[in-house]
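> predicted model and sequence follow; I will ask about them next.
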Amino acid sequence: MKSSLPCSKKKSSNHQTDYHTHCHLKNAWQRLCCLLVLSLPGINFAAHSHFSNQLIIPIYKQTEEPILPLPAVSRRNPAKIALGQKLFFDVRLSANQKLSCASCHDLDSNGADYRIRSRGYNNTLLAVNTPSIFNAALNPWQFWDGRAHSLEDQINQVVEDPREMANSWPVIIRRLQGNPAYLREFRKLYASGISAGNIRNALILFESTLLTPDSRFDRWLKGNKQALNAQEKKGYQLFKSYGCAACHQGVNIGGNLFQKVGIFTNYFLHRGNIQLADYGRFNVTGRKRDKFVFRVPSLRNVAVTAPYFHDGSVKTLYQAVTLNARYQLGRTIPDNDIQSIITFLKTLTGKYRGRQLTQALAP
Ligand code: HEC
Ligand code: HEC
């Protein structure tokens with residue numbers, strides 16, 4: 001399927017929304033759309049997720065809105081999901097048996113941690129802020145620079161990265177084989193018993209259940225018009241009309257596009273002290289035009305996932321919105337509008353196992 005970007009269509013149809021009309025009105029918006037179209041040739045947006053038979057079409061084809069509600073959590077293979085959950089909390093996955101996935105991805109709060117940048121193996125300071133693991137299974141690429149194409153790829157990288165778990169599959173397999181409960185469970189659920197592929201499979205099935213449905217915004221999208229108040233609805237209209245939704249859209253309100261950070265003004269020049277990780281996608285492709293390009297982050301649960309940006313340098317939503325307006329859209333947004341957009345962003349907080357996500361707090 002070809003990508004159908006919001007502003008690449010000139011002709012209006014009956015399904016045209018305000019959002020599309022704005023495409024033709026706003027100068028900055030038009031420049032942005034050109035950038036988006038130019039930077040995305042041939043990308044197939046109909047990405048298959050890693051679980052069930054879910055087909056994810058992040059660009060809004062079947063709806064008038066640029067954002068789609070989260071799908072329901074699939075609970076097929078409950079025994080494998082439970083095994084994956086156990087592995088997620090197991091420190092045997094890290095070389096020194098001190099870190100589990102949950103050390104940096106706290107499922108009781110926001111799926112990440114409270115730090116600007118997490119501490120990895122032997123307390124190593126990691127290069128980028130830890131993104132929430134909630135809803136990550138729906139992203140076509142993993143990591144800020146999109147260097148993992150699948151959750152499988154992502155798990156291999158985190159397990160073997162000397163700064164993170166610094167481990168190897170043979171060591172993990174040996175450790176799990178020494179544990180009678182794991183031996184029994186793997187034998188029961190997988191014909192080939194304990195193997196790297198089966199460990200990853202169980203983890204991925206578990207990760208695929210880490211969705212946060214039932215945010216107020218999703219309820220509104222699904223037709224409950226009372227789910228949002230007037231200011232929140234206005235915030236959403238502004239989010240579309242200013243052009244935020246050109247980048248933050250689809251089922252994860254981001255996650256499915258690569259964009260330069262600092263399209264209109266050089267963000268890194270202003271921030272200073274450029275690090276290797278700031279080169280973003282360039283570190284993956286080596287292409288000059290990928291310098292400072294990042295995967296657009298998902299805005300699901302954004303009200304509880306501070307600090308923001310790949311470098312964790314942004315403390316508040318207010319700053320994040322102001323910076324995005326300036327660097328990504330080339331405009332200054334009046335304070336009233338910023339406040340409305342923030343009230344809208346706060347409606348994006350969903351639930352995990354029936355409980356609203358919360359900000360991770362320092363112990
Ligand atoms: C020491 C902290 C730490 C540990 C332990 C850790 N992660 Fe992460 N995780 C991170 C950081 C930091 C990133 C972002 C790295 C990047 O973008 O380069 C990340 C990214 C991810 C992503 C991609 C999310 C996205 O939206 O791009 C997934 C999925 C993930 N981790 C799952 C796991 C799993 C599964 C484990 C256990 C096998 C794990 N993590 C262990 C810190 C950690
Ligand atoms: C051209 C694409 C683009 C546009 C337009 C855009 N953003 Fe972003 N946004 C990004 C990228 C890329 C980042 C990641 C920045 C970084 O990591 O350094 C980001 C980050 C954010 C974050 C922080 C998320 C996090 O988890 O770190 C928020 C909040 C945000 N944007 C909101 C908005 C709002 C509100 C608007 C409209 C006023 C907007 N964005 C417009 C691309 C865009």
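Arrived safely, thanks for sending. Ligands and ions are numbered 1, 2, ... in the order given.
> from residue 232, how far off is residue 87?
Going from residue 87 to residue 232 by CB to CB, to the nearest Å gives 39 Å. The C-beta positions use only the backbone N, C-alpha and C, and glycine is treated the same way.
> mind listing the strands in this protein by residue range?
47-48, 55-56, 258-260, 293-295, 351-352, 355-356 (DSSP state E).
> out of those strands, nearest to ligand 1?
When the strands of the chain are compared for distance to ligand 1 using CB to the nearest ligand atom, the nearest one is strand 293-295, at 6.9 Å.
> contact partners for the closest residue to residue 277 other than its chain neighbours?
Excluding the flanking residues, the one nearest residue 277 by CB to CB, 6 or more residues apart in numbering is residue 127, at 4.0 Å. Counting by CB atoms under 8 Å, 6 or more residues apart in numbering, residue 127 touches 117, 163, 275, 276, 277.
> now render the strands of the chain as JSON lines, adding mean pLDDT.
Formatted as JSON lines, the strands of the chain follow (pLDDT from 0 to 100):
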{"stretch": "strand 47-48", "mean pLDDT": "33"}
{"stretch": "strand 55-56", "mean pLDDT": "40"}
{"stretch": "strand 258-260", "mean pLDDT": "97"}
{"stretch": "strand 293-295", "mean pLDDT": "98"}
{"stretch": "strand 351-352", "mean pLDDT": "98"}
{"stretch": "strand 355-356", "mean pLDDT": "98"}
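> for residue 270, see how far away residue 317 is.
Counting by CB to CB, the gap from residue 317 to residue 270 is 19 Å.
> out of those two, which sits in the more crowded spot?
Neighbours per residue, other CB atoms under 10 Å: of residue 317 and residue 270, the larger number sits with residue 317, 19 against 11.
> and that one, what does it touch?
So residue 317 contacts 302, 303, 306, 308, 342, 345 (CB under 8 Å, 6+ apart).
> outline the domain layout of this protein.
The chain breaks down into these domains under automatic domain parsing: 38-71+214-356, 78-207.
> can you tell me which of those has the worst average pLDDT?
Ranked by mean pLDDT, the domains of the chain end with domain 38-71+214-356 at the bottom, a mean of 88.
> do any residues in it lie close to ligand 2?
Yes. Part of domain 38-71+214-356 sits near ligand 2 under the criterion CB under 6 Å from any ligand atom, namely 239, 242-244, 246-248, 259, 261, 263, 294, 296-297, 299, 302, 305, 308-310, 317, 320-321, 324-325, 328-329, 341.
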